[in-house]
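[1] Kindly generate the corresponding structure for this input.
(chains A and B)
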Amino acid sequence: MGHCAIFTIIFERIPQRLMLQLDHVAMRYGEGPEVLHDVNLSLERGDFIFLMGPSGAGKTTMLHIMGLIRMPSRGSVRIFGRDVADMNRDELGESRRRIGMMFQDFRLISHLSAFDNVALPLRIGGGKEREVRELVHEMLSWLGLTDVIDATPPTLSTGQRQIVAAARAAISRPSLLLCDEPTSNVDARRARRLMRLFTELAKDGTTVVLSTHNDDLPDRYPHPVLHLNAGQLTGRTLPAKPVAAAD
Amino acid sequence: MAIVRSLDLPLEQTAVSRFLPWIMAGLLYLSLVALAVAAVADGAWELYNQRSKLVTVTLPGAKGNDADVETAAILKILNDSGEVAAAHPVGNDELQELIAPWLGDAKASDREIALPRLIDVTLDPLVAPDLKGLQERLRQVVPEATIGIQAVSHDRAQRQASFFRTSGIAVGLVLLVAALVLVAVITRLSLTTHQETVALLRYMGAQDGYLARQFERFALLSSLRGGLVGFSIAMVTVLVLLYSIQHLELTSTIRLGLRPVDWIMLACVPVVSALLCTATARLTALWGLSHMP
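    Sure thing, here's the model as predicted:
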């Protein structure tokens, strides 16, 4: 075994605190105006933050950059200790498998059942089918979706689709969980369930970023809030003492 | 819950790929029939090839010691010839049997008919025979000696068999290649049709190998399903054809049919074509994915 391989193994065994780092990140779509300007952000293992801002502030774009779905027009993105610009296609795929992404429009695959949609990240990660079945059943039953496990997304309500999307993002216990408006369509009880799921994941070391324009969430949960306005991070605040949220 | 896992990409439900199993069934059906024709023709060619190595020497009817001396001299010339592998005079009983349809139960000797003497000659397959030269040498002993060459009619039939064999193989292979091209085209089109889902799976970390397996599985299932249907119908067709050609004039000289090895080879065609389709789908998908952003 060469020195590089030994170094890689040792390096990988050292717990990495820094999960994600955005340095002077800017984004523009085609020839259009910049939708993100000079964003700097560092997130550590187990961090839980809210990303807040009005519609069009650039929250989704920022999440997409964090989720390695889009590359920034300027600046650098380091994730899990590596610069994204230096990653080849396989390494990019490897990093993406450590990220759970919940899209605002859910992006469920319409011909697959709720079960198969949630199972996707596990199967892509090469999970054994028996374990996949166990984990997905456990997750969907915990989120109260056992009765629609075989239903396809077009037959589900918007709220149910949102929960399936959240379950899909969280099922592989990712290192980084990015959720775009995760509770906007679900009832209060299910929203609390989802938030509890995200909180438990963060306690286990997952870095969680929730984008929302719902002021109620940061008021209820004691996590820092990043304010994004017109493509710029304008502040970082801690909420007041949270309201106790019953499960 | 479904026992067979769905494909992540909706390949079975999109117009571009939905009919692949049926198209495969049609192509495989035609290909199998063509290959079966080639196999039958190959069997016929082999039989004609063996028969063209057999000739009959005919000597005019004669009786007594002179006949035996002539026959012995002719046999010596034949056996000494490098072109002849074996020469056997046709026995009297066999000769009687041959002419029985014309004379009925009465023996030729009863009617005092001088029967010609026949000698079955097997030519050496490794030597190109000079039958005219051989006949000249025989005529130096028995001036009326002839070498019965049925090879003329055999040659024509053998050429036909050769034509059907070559054509059958060519058509069968062209159809199989067409099936592979079709799989490649459908894979490429499906990749374009489902690029949003492909992108979504990539966002979840799916590597090209994982995505290519989707197309690979679809091609395997489609070609196996289509292959089974095509094979079943083709076998029925082949059996009907074989039954029918027993009544053709061609079968009066040889019996046409499929040898056991032919059946085995035909049974292998759907399996081999399914494997080739699978490999084609995988390679096409990998190539297409490597060209996608």
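
[2] Now the residue of the stretch 151-293 of chain B found nearest chain A: closest residue in space, sequence neighbours ignored.
    Distances between the stretch 151-293 of chain B and chain A by CB to the nearest CB are smallest at residue B:205, namely 3.1 Å. C-beta here means a position set from N, CA and C on the backbone, and glycine is covered the same way. With sequence-adjacent residues excluded and distances taken as CB to CB, 6 or more residues apart in numbering or on different chains, residue B:205 is closest to residue A:97, at 3.1 Å.

[3] how close does the one residue sitting closest to the centre of chain B get to chain A?
    Nearest to the mean C-alpha position of chain B, counting by CA atoms, centre = their mean, stands residue B:39 at 1.5 Å. To chain A, residue B:39 is 43 Å away according to CB to the nearest CB, to the nearest Å.

[4] Might one say that that residue is in contact with residue B:164?
    No - Residue B:39 is not in contact with residue B:164 according to CB atoms under 8 Å; the separation is 10.0 Å.

[5] quick one: contacts for the residue nearest to residue B:205?
    Shown in contact with residue A:97 (CB atoms under 8 Å, 6 or more residues apart in numbering or on different chains): A:121, A:124-125, A:172, B:204-205.

[6] For the residues you listed, could you give me a markdown table that also reports secondary structure?
    Below are the contacts of residue A:97 laid out as a markdown table (DSSP: H, G, I helix; E, B strand; the rest coil):
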| residue | secondary structure |
| --- | --- |
| A:121 | helix |
| A:124 | helix |
| A:125 | coil |
| A:172 | coil |
| B:204 | coil |
| B:205 | coil |
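
[7] picking that back up, which element is the residue nearest to the centre of chain B on?
    helix B:20-51 (DSSP states H and E).

[8] Next SSE downstream of that helix?
    Later in the chain than helix B:20-51, the nearest helix or strand by DSSP H and E is strand B:54-59.

[9] In terms of helices and strands, where is the residue positioned nearest the centre of chain A?
    Geometric centre of chain A, nearest residue: residue A:178, 1.6 Å, by CA atoms, centre = their mean. According to DSSP H and E, residue A:178 maps onto strand A:176-180.

[10] ok, that strand: who's next to it in the sheet?
    With DSSP bridges as the test, strand A:176-180 is paired with strand A:99-102 (parallel), strand A:207-212 (parallel).

[11] could you pull out the strands for the stretch 101-250 of chain B?
    B:117-123, B:146-148 (DSSP state E, counting those that start in this stretch).

[12] do you know which of these lies nearest chain A?
    strand B:117-123 (65.4 Å).

[13] Pull the residues that contact that closest one.
    Against strand B:117-123 from outside (CB under 8 Å, 6+ apart): B:53-62, B:67, B:70-71, B:74-75, B:78, B:83-90, B:95, B:129, B:147.

[14] Give me the buried positions along that strand.
    B:117-119, B:121, B:123 (16 or more other CB atoms under 10 Å in any protein chain shown).

[15] Strand partners (parallel or antiparallel) of that strand?
    By DSSP bridges, strand B:117-123 pairs with strand B:54-59 (antiparallel), strand B:84-89 (antiparallel).

[16] And for stretch A:80-92, what's in contact with it?
    A:11, A:16, A:18-19, A:68, A:71, A:76-78, A:95, A:98, A:175, B:207-208.

[17] and the strands paired with strand B:117-123, which is most packed in?
    strand B:54-59 (a mean of 19; mean count of other CB atoms under 10 Å in any protein chain shown).

[18] Do you have the strands of chain A handy? List them.
    Counting by DSSP state E, chain A has strands at residues A:18-28, A:34-44, A:48-52, A:74-79, A:82-83, A:99-102, A:176-180, A:207-212, A:225-229, A:232-237.

[19] and those strands as JSON lines, adding distance to residue B:268 and mean pLDDT?
    Below are the strands of chain A laid out as JSON lines (distance: least, CB to CB, whole Å; pLDDT from 0 to 100):
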{"stretch": "strand A:18-28", "distance to residue B:268": "55", "mean pLDDT": "93"}
{"stretch": "strand A:34-44", "distance to residue B:268": "58", "mean pLDDT": "92"}
{"stretch": "strand A:48-52", "distance to residue B:268": "60", "mean pLDDT": "93"}
{"stretch": "strand A:74-79", "distance to residue B:268": "51", "mean pLDDT": "94"}
{"stretch": "strand A:82-83", "distance to residue B:268": "49", "mean pLDDT": "93"}
{"stretch": "strand A:99-102", "distance to residue B:268": "47", "mean pLDDT": "96"}
{"stretch": "strand A:176-180", "distance to residue B:268": "51", "mean pLDDT": "96"}
{"stretch": "strand A:207-212", "distance to residue B:268": "55", "mean pLDDT": "94"}
{"stretch": "strand A:225-229", "distance to residue B:268": "64", "mean pLDDT": "91"}
{"stretch": "strand A:232-237", "distance to residue B:268": "66", "mean pLDDT": "83"}
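
[20] Quick one: closest of these to residue B:23.
    strand A:99-102 (37.9 Å; CB to CB).

[21] what does the closest one contact?
    A:63, A:66-69, A:79, A:121, A:165-166, A:168-172, A:174-180, A:182, A:206, B:203-205.

[22] so residue B:265 touches residue B:36, yeah?
    No - at 9.6 Å, residue B:265 does not count as touching residue B:36 under the criterion of CB under 8 Å.

[23] between those two, who's got more neighbours?
    residue B:36 (25 against 16; other CB atoms under 10 Å in any protein chain shown).

[24] re earlier: what angle sits between the strand holding residue A:178 and strand A:34-44?
    140 degrees (axes from the mean of the first three to the mean of the last three CA atoms, to 10 degrees).

[25] Which residues does strand A:176-180 contact?
    The contact list for strand A:176-180, computed with CB under 8 Å, 6+ apart, reads A:19-20, A:43, A:59-60, A:63, A:66-67, A:79, A:98-104, A:166, A:169-170, A:198, A:201, A:206-211.

[26] Near residue B:239, how many residues? Count them for me, please.
    12.

[27] Then residue B:136?
    11.

[28] ok, now the one 10 residues further on?
    Counted by other CB under 10 Å, the residues lying close to residue B:146 total 15.

[29] Same check on residue B:144?
    Residue B:144 has 12 nearby residues by other CB under 10 Å.

[30] In contact with the residue nearest to it when sequence neighbours are not counted, which residues?
    The spatial neighbour of residue B:144 that comes closest, neighbours along the chain excluded (CB to CB, 6+ apart), is residue B:60 at 4.5 Å. Residue B:60 is in contact with B:114, B:116-117, B:142, B:144, counting by CB under 8 Å, 6+ apart.

[31] list the contacts for the nearest residue to residue B:23 once chain neighbours are set aside?
    Nearest residue to residue B:23, sequence neighbours excluded (CB to CB, 6+ apart): residue B:182, at 6.2 Å. Neighbouring residues of residue B:182 by CB under 8 Å, 6+ apart: B:20, B:23-24, B:27.

[32] follow-up on the earlier one: just the buried residues of strand B:117-123 now: which is nearest residue B:7?
    The closest of these, once distances to residue B:7 are taken by CB to CB, is residue B:123, at 61.7 Å.

[33] And the pLDDT for residue A:9?
    On pLDDT, residue A:9 comes in at 40.

[34] Now for the residue nearest to the centre of chain B: which residues touch it?
    Residue B:39 is in contact with B:168, B:258-259, B:262, B:265-266, counting by CB under 8 Å, 6+ apart.

[35] what about it, distance to residue B:201?
    Between residue B:39 and residue B:201 the computed distance is 45 Å (CB to CB, to the nearest Å).

[36] and if you look at residue A:31?
    For residue A:31, the distance to residue B:201 - CB to CB - is 30 Å.

[37] More neighbours: the two, which one.
    residue B:201 (22 against 5).

[38] Isn't the more buried one up against residue A:117?
    No - Residue B:201 lies out of contact with residue A:117 (CB under 8 Å); the separation is 11.5 Å.

[39] Mind listing what's buried along the lowest-mean-pLDDT helix or strand in chain B?
    In chain B, no helix or strand scores lower on mean pLDDT, DSSP states H and E than helix B:92-103, which sits at a mean of 75. Within helix B:92-103, the residues that qualify as buried are residue B:95, counting by 16+ other CB under 10 Å.
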